[in-house]
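Undergrad: pasting the sequence and the predicted model now:
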There are 2 protein chains.
Amino acid sequence: MSDRGVELRLDAASGLPFYRQIIQQIEHAILARRLEPGDRLPTIRALSVELRINPNTIQKAYAELELRGIVTTQVGSGTFVSDTPIDSAEEELLARIDERVGRFVKDMEELGIGRERMAALVLGFREDR
Amino acid sequence: MSDRGVELRLDAASGLPFYRQIIQQIEHAILARRLEPGDRLPTIRALSVELRINPNTIQKAYAELELRGIVTTQVGSGTFVSDTPIDSAEEELLARIDERVGRFVKDMEELGIGRERMAALVLGFREDR
DNA sequence: ACTATTGTACTAGATGAATAGTACAATGTC
DNA sequence: GACATTGTACTATTCATCTAGTACAATAGT
């Protein structure tokens, strides 16, 4: 069974709320095949202890993941990666997105731009002339 | 005197606060030479009426622009674009940044990604493995 | 059946930020 | 010098949103 699983790392300074970081990292782990269908996610309580945050915050993340069909939850037994968490069409799209975001972030960081500013630039950009 | 000046357009749905949109758009107008050194910006009150927002919101934007040396304010007469709002080294950098942001936004929009999501992806991206 | 373990629901606190309200100060104009 | 016009300062309200607290419900294991 090896080192299958998620290694969640929260960054309070990132500007992204915890629950959203969790979602993103789990999604990413699935795309990277570090999590596969059927794998069990850490229990809400276990994570809540490990990350030192409230159970509800993780619950919120898991709930959204379930809504998107990425995980399935079974009260009493846990939360599991769905059979087909991401269909292959979507998967390819996500891979492309990830690739572009990575390129962009790297480029911008080389220009000395921090994440927050990148985000602001993206939000405020207008094509107009 | 022509059509020199700014055409500010606020978008409440953009996720960026008004005062920041104002800053960004004025900066952009300067880079695009639609505003030049010495040009007078709309008065706080005039904008407050036109945009239907509180004077203080514009004041906040102008204050930050002044702090950055981009504009100069004279109580009684108004707010003006500084002599050298942006030095040429910085200008080139900003142009490059703008270009990359534009490319990125366009790419992502073609993939069906909205601004908010782009911002979240940027904030949460991790190079790790 | 019992008990522990899992997720769930609901409420409330806390925080932070953006914007608004209102009154003030300085300068320009006549 | 009076008055209008400009920016400024300070406070407070609104608002959203995340996170925490706490108690509940369902399932699994024995």
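TA: Sure thing, it's come through. Residues are numbered from 1 along each chain as shown, chains lettered A, B, ... in the order given.

Undergrad: domain-wise, how is chain A divided?
TA: A:12-81, A:88-124 (automatic domain parsing).

Undergrad: take those domains and write them to a markdown table, including distance to residue B:53 and mean pLDDT.
TA: Bear in mind the C-beta positions are built from the backbone N, C-alpha and C, glycine included. Below are the domains of chain A laid out as a markdown table (distance: least, C-beta to C-beta, whole Å; pLDDT from 0 to 100):
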| stretch | distance to residue B:53 | mean pLDDT |
| --- | --- | --- |
| domain A:12-81 | 25 | 95 |
| domain A:88-124 | 16 | 96 |
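
Undergrad: turn those domains into TSV, columns for mean neighbour count and distance to DNA strand C.
TA: Formatted as TSV, the domains of chain A follow (neighbours: other C-beta atoms under 10 Å in any protein chain shown; distance: least, C-beta to the nearest atom of the strand, whole Å):
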stretch	mean neighbour count	distance to DNA strand C
domain A:12-81	16	3
domain A:88-124	16	10
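
Undergrad: do stretch A:64-74 and chain B come into contact?
TA: No - residues of stretch A:64-74 contacting chain B under C-beta under 8 Å from any C-beta of the partner chain: none, with a closest distance of 12.5 Å.

Undergrad: who touches that stretch?
TA: Contact partners of stretch A:64-74, identified using C-beta atoms under 8 Å, 6 or more residues apart in numbering or on different chains, comprise A:19, A:23, A:26-27, A:30, A:41, A:62, A:79-82, A:85-86.

Undergrad: let me know whether residue A:127 touches residue B:102 as I believe.
TA: Yes - proximity of residue A:127 to residue B:102 meets the contact threshold set by C-beta atoms under 8 Å, at 7.2 Å.

Undergrad: follow-up on the earlier one: could the domains of chain A go into JSON lines alongside distance to residue B:56?
TA: Below are the domains of chain A laid out as JSON lines (distance: least, C-beta to C-beta, whole Å):
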{"stretch": "domain A:12-81", "distance to residue B:56": "25"}
{"stretch": "domain A:88-124", "distance to residue B:56": "20"}
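
Undergrad: flag every residue of chain A that's near chain B.
TA: Proximity of chain A to chain B, by C-beta under 8 Å from any C-beta, involves residues A:9, A:14-16, A:20-21, A:24-25, A:28, A:32, A:93, A:96-97, A:100-102, A:104-108, A:111, A:113, A:115-116, A:118-127.

Undergrad: DNA strand D next: which of these are close?
TA: Restricting the residues of chain A next to chain B to those near DNA strand D by C-beta under 7 Å from any atom of the strand leaves residue A:20.

Undergrad: of the residues of chain A next to chain B, which belong to helices?
TA: Among the residues of chain A next to chain B, the members falling in helices (DSSP state H) are A:20-21, A:24-25, A:28, A:93, A:96-97, A:100-102, A:104-108, A:115-116, A:118-124.

Undergrad: what count of nearby residues applies to residue A:6?
TA: Residues lying near residue A:6 (other C-beta atoms under 10 Å in any protein chain shown) number 18.

Undergrad: thought it was touching residue A:34?
TA: Yes - using C-beta under 8 Å, residue A:6 and residue A:34 qualify as a contacting pair, with a distance of 7.0 Å.

Undergrad: show me what contacts the residue lying closest to residue A:14 once chain neighbours are set aside?
TA: Excluding the flanking residues, the one nearest residue A:14 by C-beta to C-beta, 6 or more residues apart in numbering or on different chains is residue B:123, at 5.7 Å. Counting by C-beta under 8 Å, 6+ apart, residue B:123 makes contact with A:14, A:15, A:16, A:115, A:116, A:119.

Undergrad: distance check, residue B:123 against residue A:29.
TA: Distance, residue B:123 to residue A:29, using C-beta to C-beta, to the nearest Å: 18 Å.
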